[in-house]
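Novice: Here is my input; please provide its structure:
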Amino acid sequence: MKITSELVQKAADFSAEAHSGVKRKYSGEPYFNHPARVAAQLALLPGVTEIEIAAALLHDTLEDCATVTSEILKKEFGVEVMLLVQELTNPSKNFKGVSRDERKAMDREHVARASVSAKHIKILDRLDNLPLDFVKVDPNFARKYALESRLLADAIAEDLGVNDDLLKRLYERIELLEADLRLI
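Specialist: Below you'll find the model as predicted:
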């Protein structure tokens, strides 16, 4: 697929390289498919900028790729993209020895203070991380992730600028997951 924006193409290439050889935990698919899907869904929203699409493609690089730093993102993509990727990066990644519940609370507080653009990308990220067959793969983790997803959605919902349709899609996906969990 040919991408018309040089910035977006560069971000896609960078993200693909940064995630090269990495597979998704539950599906085994190439990791880059995830940020590519998030960016593609974001591109369908009205008024989205190439900065936002580039950030969506790069959203997991600071968190998951040891060789990628904020300085590298700033140099390669500019301050705006780097700042948006920082908003999408869970701060809890720097806190070892803290319980998962405490780390996820930190991450929710971080997202609650983020820009509307970051919240839209975070919603799409979470939607992509909630596949419908998730329950069959790891029901115990699915229960925890469903609760974390609902708490995250609630934190995002406090921002009146967030796209209602996106937020509704997230709540619906969480409800589907919760319904599937009640069946097992």
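Novice: okay, CA-based contacts and neighbour counts for the rest of this
Specialist: Noted.
Novice: what about the residue nearest the centre of the chain, helix or strand, and which?
Specialist: By C-alpha atoms, centre = their mean, the chain has its centre lying nearest to Asp125, at 3.1 Å. Take DSSP states H and E as the rule and Asp125 turns out to sit in helix 116-128.
Novice: neighbouring contacts of that helix?
Specialist: Helix 116-128 has contacts (C-alpha atoms under 8 Å, 6 or more residues apart in numbering) with 34-35, 37-39, 41-42, 52, 56, 84, 87-88, 111, 149, 153, 156, 159, 161-163, 166-167, 169-170, 173.
Novice: Buried residues in stretch 114-123, which are they?
Specialist: 114, 116-123 (16 or more other C-alpha atoms under 10 Å).
Novice: Stretch 65-74 now?
Specialist: Neighbour-count burial for stretch 65-74 flags 68, 70, 73 (criterion: 16+ other C-alpha under 10 Å).
Novice: Can you tell me which of those residues is closest to Glu102?
Specialist: Using C-alpha to C-alpha, Ser70 is the member of the buried residues of stretch 65-74 that sits closest to Glu102, with 24.5 Å.
Novice: for the chain, where's the lowest mean pLDDT among helices and strands?
Specialist: helix 134-137 (a mean of 78; mean pLDDT, DSSP states H and E).
Novice: What are the contacting residues of it?
Specialist: Defining contact as C-alpha under 8 Å, 6+ apart, one finds that helix 134-137 is touched by 26, 142, 177, 180-181.
Novice: Just among the residues you listed, which is most surrounded?
Specialist: In terms of neighbours by other C-alpha atoms under 10 Å, the contacts of helix 134-137 top out with Leu177 at 22 neighbours.
Novice: Quick check: which ranges of this structure have low pLDDT?
Specialist: For the chain, applying pLDDT under 70 flags the ranges 1-4, 132.
Novice: what ranges do the strands span in it?
Specialist: For the chain, applying DSSP state E gives no strands.
Novice: Is Val8 in contact with Ala54, as I believe?
Specialist: Yes. Between Val8 and Ala54 there is a contact at 4.9 Å, judged by C-alpha atoms under 8 Å.
Novice: So those two - more neighbours on which side?
Specialist: Neighbours per residue (other C-alpha under 10 Å) separate Val8 from Ala54, with Ala54 holding more: 28 against 23.
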